[in-house]
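Asker: Got a sequence here, can you build the structure:
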Amino acid sequence: MLAIAGLDGSVRLLETASWREIAGLMHGGAVWNVVFSPDSRTLATVGMDRQLRLFETGKYPDDIRIRRTESIMGVA
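Answerer: Prediction:
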């Protein structure tokens, strides 16, 4: 699976065997970084809106939002 993020707040998930889009998510603001957990069950996104959002794989569009007062620049 591959995640592609955009300045428009969109996050697209692609299945890499066929490059078919399997999910389209909205982060809210411009997305700076995306990363999958080691077991690929969770996708984390961070962006200009100062939120860290956690999406559980297979249960889109449900997500957990963590808002910070300072900017979050990345996830690893």
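
Asker: Could I get the contacting residues of the closest residue in space to residue 26 that isn't next to it in sequence?
Answerer: Nearest residue to residue 26 in three dimensions, chain neighbours excluded: residue 9, at 5.5 Å (C-beta to C-beta, 6 or more residues apart in numbering). C-beta coordinates here come from the backbone N, C-alpha and C atoms, glycine included. Applying C-beta atoms under 8 Å, 6 or more residues apart in numbering to residue 9 gives the contacts 26-31, 47, 49.

Asker: cutoff 7 Å now
Answerer: Residues near residue 9 by C-beta atoms under 7 Å, 6 or more residues apart in numbering: 26-31, 47.

Asker: Kindly report the same for residue 24.
Answerer: Counting by C-beta under 7 Å, 6+ apart, residue 24 touches 10, 12.

Asker: From residue 10, how far out is it?
Answerer: 7 Å (C-beta to C-beta, to the nearest Å).

Asker: for residue 33, same thing?
Answerer: Here the criterion is C-beta to C-beta. By it, residue 33 lies 14 Å from residue 10.

Asker: count of neighbours near residue 28?
Answerer: Number of residues near residue 28 (other C-beta atoms under 10 Å) recorded here: 14.

Asker: so where does the nearest residue to it once chain neighbours are set aside fall, helix or strand?
Answerer: Nearest in space to residue 28, with sequence neighbours left out and distances taken as C-beta to C-beta, 6+ apart, is residue 49 at 4.6 Å. Element membership for residue 49 (DSSP states H and E) is empty, with no helix or strand holding it.

Asker: Likewise for residue 21?
Answerer: Residue-wise, residue 21 maps onto strand 20-26 under DSSP H and E.

Asker: Now residue 41: phi and psi?
Answerer: Per-residue torsions, residue 41: phi -90, psi -20 (degrees, to the nearest 10).

Asker: Spatially central residue for this protein, please.
Answerer: residue 45 (3.6 Å; C-alpha atoms, centre = their mean).

Asker: wait, doesn't it sit right on residue 35?
Answerer: No - Residue 45 lies out of contact with residue 35 (C-beta atoms under 7 Å); the separation is 8.3 Å.
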